[in-house]
Structures are given as C-alpha cells and as structure tokens.
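Student: one predicted model, sequence on top.
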Amino acid sequence: MNKRTFLIISIIMSVGLAGCSKAKPANLALTGSQASASNATNQRDVMTYSGKMTGVVETNIFAKTPGRIASVQKDVGEQVNVGDVLVTLETTDLQAQLASAKADLALAEAKYNEIKRGTREEDIRSSEAAYQQAYQKYLDVKKGKRPQEIAKLNATLNEAKQAYDLAKVKYDRIKALYEQGATSKQSLDDAEIALRQAETKYFNAKNELSLALEGPTEETLNALKANVDQTKAMLDKAKNGPTKEAIEQNAASVAKARALVQLHEYNLQNGVIKSPIKGFVATKNANAGEMANPSAPLMTIVNLDRVYLVVSVPEKDLKYMKIGNEVNVNVEAIGKTMKGKVSMISPKADPGTDKFTVKIILNNASHELRAGMTGIVIISKS
C-alpha cells in the first residue's frame with residue numbers, strides 16, 4: 001500500500017467513525033442477507049459504504065424423504081467436502097417397503113411373461129376335454145334314456161323294493177322279540193338302520209326311473225347348455241392366446257411395479273444425506289431421534305472460498321459503480337484492507353430506502369472472512 005492510499009484510508013476511517021451516530025440502516029433490495037446500511041462519506045475524491053458479508057455459495061440441506069434421524073455427522077463450524085455424510089435417517093421401514101415392492105414386481109413380471117408366451121398345449125388339451133365332456137352330457141340328457149337304460153333302472157328299482165321288503169320284515173320280527181325281552185336294544189337299532197338304508201335306496205331308484213321316463217326339464221337343459229357355452233368360450237380363448245389389450249394391461253402393471261421399486265430405492269438412498277458443496281456448516285437444526293421434515297432445513301452449508309460484501313448505494317453515486325471495477329475493502333475484524341470487484345448492481349432500487357444493492361466479490365482462500373462480518377468499501381470518484 002503506498003503512502004497516498006494509506007492516508008486516504010486513514011482520513012476515511014476517521015470521518016466514518018465521526019459520522020457513525022448519524023448513519024441509518026438500509027434494507028437490501030435484492031438479497032436475503034442482513035447487510036447493514038451503507039455509511040457513505042464524501043471526502044474529496046472518495047466515498048465509503050459499509051455492509052455485511054455473505055457466502056457466494058450458500059446451500060440449505062433438506063431431507064428428501066421424511067423419517068427419524070439416526071445420526072448427525074457434522075456440527076456447526078466443521079468443514080465439509082462434496083459427498084460428505086451430514087445426516088443419516090433410520091431406514092428399517094424403507095428397506096421393508098423396498099423388499100415388498102420388489103416382490104410385487106417379480107409377481108407382475110411372472111404374470112406378464114406367462115401371458116406373453118401364450119397358452120400352453122396342456123392347457124388347450126384340458127380345455128378341449130372339458131368342452132367335449134360338457135357337450136356330451138348335454139346331448140345325453142337332451143336325448144333322454146335309451147330303452148336299455150330304462151330296463152336297467154326298472155331292474156334296479158325291483159332289487160331295491162325286494163331289499164326294502166326284506167328289511168321291513170326283519171325289523172318287525174326283531175321289534176317283536178325286543179318287546180318280549182328276547183333280544184337286545186342294539187339288535188333293534190341295527191335292524192332299524194338297515195331298514196332306513198333300504199328305504200332310501202328304494203326311494204332313489206323310484207325317483208331316478210320317474211325322471212328318466214319324464215325326460216329332462218327345460219331348466220336342466222338350459223343349465224347344461226350354459227355350461228357348454230362357457231367351456232367353449234374358454235377353449236376358444238386358450239386357442240387364440242392372449243389379446244393385445246391383456247398384454248398391454250399386464251405390461252402396464254409391470255411398469256407400475258418397477259416405478260414403485262425405483263421410488264423406494266430413491267427413498268432409501270436419500271436416507272443418507274450428503275453435502276452437495278464444499279464449505280462450512282453454518283447452522284444445524286438436526287438431532288438424533290428427531291423427525292426430519294422435507295420442508296425444514298437440517299443444516300446450512302456456506303462456501304467461503306469467495307464472499308460478497310453487500311452494500312446499499314444511493315442513486316446519485318451509482319455512476320461511480322461499474323461492474324468489474326476493482327475496489328478496496330477494509331475489514332476491521334481482521335485488520336486488513338483487501339481487493340474486491342463489483343460483481344452485481346441491482347436493476348431496481350429498494351422501495352423503502354431508494355438505494356441500490358451492490359455486491360462486491362472478494363477472494364477468500366484463507367477463509368479469514370466470515371459471513372456476517374462488516375466490511376467498508378472505498379470508492380474513488382476519479
């Protein structure tokens with residue numbers, strides 16, 4: 001620093017300190033920082049403006065999926081690099097959801113592949129046999145019983161009648177003996193059971209012969225015909241194979257199941273929250289055991305490799321501010337005057353102060369400058 005520059009800075013600092021009580025804070029027009037109002041002092045050919053510093057790159061860290069915090073790996077003030085783990089969430093539920101989704105996907109894929117392959121030959125043969133059986137039964141019932149079958153039913157009825165008569169005689173005889181005390185109750189019970197069985201067979205034989213002589217009812221034929229139609233439709237479906245609509249529907253089911261797997265994989269990956277930038281932990285709002293809410297930041301990471309000094313400049317002095325101009329910035333906190341460049345001039349004045357926000361960028365490889373520090377920019381009118 002040459003003697004002239006040192007003298008200018010000394011004069012400016014003296015004047016600036018003398019006028020501190022008269023300076024009023026000004027709001028920033030296009031920044032969320034809390035830069036203080038500039039304290040401009042015109043002293044011959046220089047002006048000064050004070051403001052606050054912010055990181056050029058500042059990122060809020062959010063959980064992309066809700067969950068309970070398992071651990072917090074970094075604390076305020078610690079340095080982090082890209083990819084460093086900041087927070088981990090409990091993943092037991094996420095792992096279970098992923099396993100369930102994978103199982104559903106496997107089922108959907110198996111069903112889709114089966115439909116796409118078409119009907120197997122054994123299934124077609126089975127459908128053919130079912131149809132032929134249903135059709136033959138319908139024809140047999142519709143034609144009615146043949147004379148030979150009627151004769152056979154008559155013979156069955158006669159046999160059943162003889163068996164019933166014999167069982168009735170035997171029951172009556174044993175009952176009389178039981179009443180005389182000449183036989184046991186068990187013998188009577190056995191005879192009664194035999195009589196009831198013979199009676200049932202006799203009734204069924206009479207009923208079957210009667211139905212055979214009368215022929216099938218309309219309701220019976222309709223039911224059998226409906227069964228024939230149903231088995232024929234199933235056979236046709238088996239022969240024709242799956243429809244285009246069925247294939248597309250099952251393909252859509254597979255796609256939906258696969259998307260769900262990808263979603264749960266994404267959620268599981270997001271159970272480990274990493275830093276997207278290099279920097280320092282500026283704030284921490286996460287503790288183990290608490291719930292992570294995707295709408296609330298867990299941490300704030302600030303990169304301090306370069307910082308902004310944010311100042312407010314009145315309209316009349318904007319002509320001395322040009323983007324790219326090199327300026328001197330005095331930082332009392334570290335006792336240094338540093339070089340910076342005008343990097344942004346707001347296109348619109350703050351409605352509350354009628355001043356324009358100006359950002360001065362400073363290189364900060366040593367990380368001496370911190371967000372929130374005060375800096376004084378020195379602008380030459382010449």
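Tutor: Perfect, thanks for sending it.
Student: so where does the residue nearest to the spatial centre of the chain fall, helix or strand?
Tutor: What sits nearest the mean C-alpha location of the chain, by Cα atoms, centre = their mean, is residue 263, with 5.0 Å. Secondary structure from DSSP states H and E places residue 263 in helix 244-269.
Student: can you list the strands that the helix or strand just after that helix pairs with?
Tutor: Elements were assigned by DSSP H and E; along the chain past helix 244-269, the next helix or strand is strand 272-274. Here strand 272-274 has these sheet partners by DSSP bridges: strand 85-89 (antiparallel).
Student: what about residue 249, distance to residue 255?
Tutor: Separation of residue 249 from residue 255 (Cβ to Cβ, to the nearest Å): 11 Å. Using the backbone N, CA and C atoms, a C-beta is placed for each residue, glycine as well.
Student: residue 126 now?
Tutor: Taken as Cβ to Cβ, the span from residue 126 to residue 255 is 32 Å.
Student: and if you look at residue 328?
Tutor: Applying Cβ to Cβ to residue 328 and residue 255 gives a distance of 62 Å.
Student: which one of the two has more residues nearby?
Tutor: residue 328 (21 against 13; other Cβ atoms under 10 Å).
Student: bridged to the more buried one, which residues?
Tutor: Bridge pairing for residue 328 - DSSP bridges - gives residue 339, residue 378.
Student: so it sits right up against residue 378, yeah?
Tutor: Yes: with contact defined as Cβ atoms under 8 Å, residue 328 counts as touching residue 378 (4.4 Å).
Student: any weak-confidence spans in the stretch 251-382 of the chain?
Tutor: Along the stretch 251-382 of the chain, the model assigns pLDDT under 70 to residues 382.
Student: helices of that one, residue ranges please.
Tutor: Assigned by DSSP state H, counting those that start in this stretch, the helices in the stretch 251-382 of the chain number zero.
Student: residue 229: how many residues sit nearby?
Tutor: Neighbours of residue 229 (other Cβ under 10 Å): 13.
Student: for it, give me phi and psi.
Tutor: For residue 229, the backbone dihedrals are phi -60, psi -40 (criterion: degrees, to the nearest 10).
Student: tell me the pLDDT of it.
Tutor: Per-residue pLDDT puts residue 229 at 92.
Student: against residue 138, how distant is it?
Tutor: Taken as Cβ to Cβ, the span from residue 229 to residue 138 is 10 Å.
Student: the domain parsing of this structure - what is it?
Tutor: 3-67+293-380, 92-116+247-269, 117-246 (automatic domain parsing).
Student: and the second one, end to end?
Tutor: Same thing as domain 92-116+247-269. With Cα to Cα, to the nearest Å applied, domain 92-116+247-269 spans 13 Å between its terminal residues.
Student: how far out from the middle of the chain is it?
Tutor: Domain 92-116+247-269 sits 12 Å away from the centroid of its parent chain (Cα atoms, centre = their mean, to the nearest Å).
Student: and for stretch 196-206, what's in contact with it?
Tutor: 153, 156, 157, 159, 160, 161, 163, 164, 166, 167, 168 (Cβ atoms under 8 Å, 6 or more residues apart in numbering).
Student: of those, which is the most crowded?
Tutor: residue 167 (21 neighbours).
Student: for the nearest residue to that one once chain neighbours are set aside, helix, strand, or coil?
Tutor: Excluding its sequence neighbours, the residue lying closest to residue 167 (Cβ to Cβ, 6 or more residues apart in numbering) is residue 198, at 4.0 Å. Here residue 198 is recorded as helix under DSSP: H, G, I helix; E, B strand; the rest coil.
Student: residue 198 and residue 191, how far apart?
Tutor: Residue 198 sits 11 Å away from residue 191, going by Cβ to Cβ.
Student: also residue 228?
Tutor: 47 Å.
Student: endpoints of stretch 81-93, how far apart?
Tutor: Span of stretch 81-93 from end to end, Cα to Cα: 29 Å.
Student: right, I mislabeled it, should have said stretch 314-331
Tutor: 22 Å.
Student: so which bits of it are buried?
Tutor: Judged by neighbour count (16 or more other Cβ atoms under 10 Å), stretch 314-331 contains these buried residues: 314, 317, 320, 321, 327, 328, 329, 330, 331.
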